[in-house]
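In: Provide a 3D model corresponding to the input given below.
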Amino acid sequence: MSNFTYDLMKQALDATSLRQETISSNIANINTPEYKVNKVEFETLLNKASNGIGLTKTDDRHLGISNAEEVKPIVTKRTNTAVKENGNNVDIDMEMTDEASNTIQYNALVAQINARYAMLHSVITK
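Out: Predicted structure coming up:
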């Protein structure tokens with residue numbers, strides 16, 4: 001696995017970590033008046049970058065980004081949920097669903113990294 005792939009996986013792990021913190025904060029503020037839900041955007045940014053939008057590709061097999069550091073997760077406000085009487089828009093069902101999805105994504109990334117390290121270890125020790 002190239003350094004680029006490791007860097008990209010690190011960025012994805014960082015995004016899942018930030019997403020977990022954001023979801024936890026949203027849940028903790030479920031009864032806070034006027035609180036607006038935060039969400040983490042990473043996959044859409046990565047998708048745009050992988051399609052070469054605004055970035056130069058040097059080979060058709062490349063994602064269109066030369067450095068994984070170019071794709072960073074950002075925190076935005078979620079505006080597509082209903083607002084309660086107190087101005088709060090935390091939807092606990094949506095937050096719990098996002099948390100479960102994020103946990104699955106995190107576990108898949110960790111499993112993939114562990115498998116790559118196991119392969120490297122196998123090659124080195126033989």
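
In: what about this structure, any weak spots by pLDDT?
Out: 1-4, 50-70 (pLDDT under 70).

In: just checking, what packs against the lengthiest helix in the chain?
Out: Among the elements of the chain assigned as helix by DSSP state H, the one spanning the most residues is helix 92-125. Under the contact criterion of 3 or more CB pairs under 8 Å, 6 or more residues apart in numbering; DSSP states H and E, helix 92-125 touches helix 3-28. C-betas here are computed from N, CA, C, even on glycine.

In: tell me the buried residues in the helix it packs on?
Out: For helix 3-28, the neighbour count (16 or more other CB atoms under 10 Å) marks L8, M9, Q11, A12, A15, T16, L18, R19, Q20, T22, I23, N26 as buried.

In: after that helix, which helix or strand is next?
Out: Using DSSP states H and E, the helix or strand that directly follows helix 3-28 along the chain is strand 38-41.

In: contacts for that following strand next, please.
Out: By CB atoms under 8 Å, 6 or more residues apart in numbering, the residues outside strand 38-41 that reach it are 15, 18-19, 22, 25-26, 73-78, 98.

In: contacts only, for K36.
Out: Contacts of K36 by CB under 8 Å, 6+ apart are K77, R78, T79, N88, N89.

In: what subset of those residues is buried?
Out: Burial by neighbour count, 16+ other CB under 10 Å: within those this picks out R78, N88, N89.
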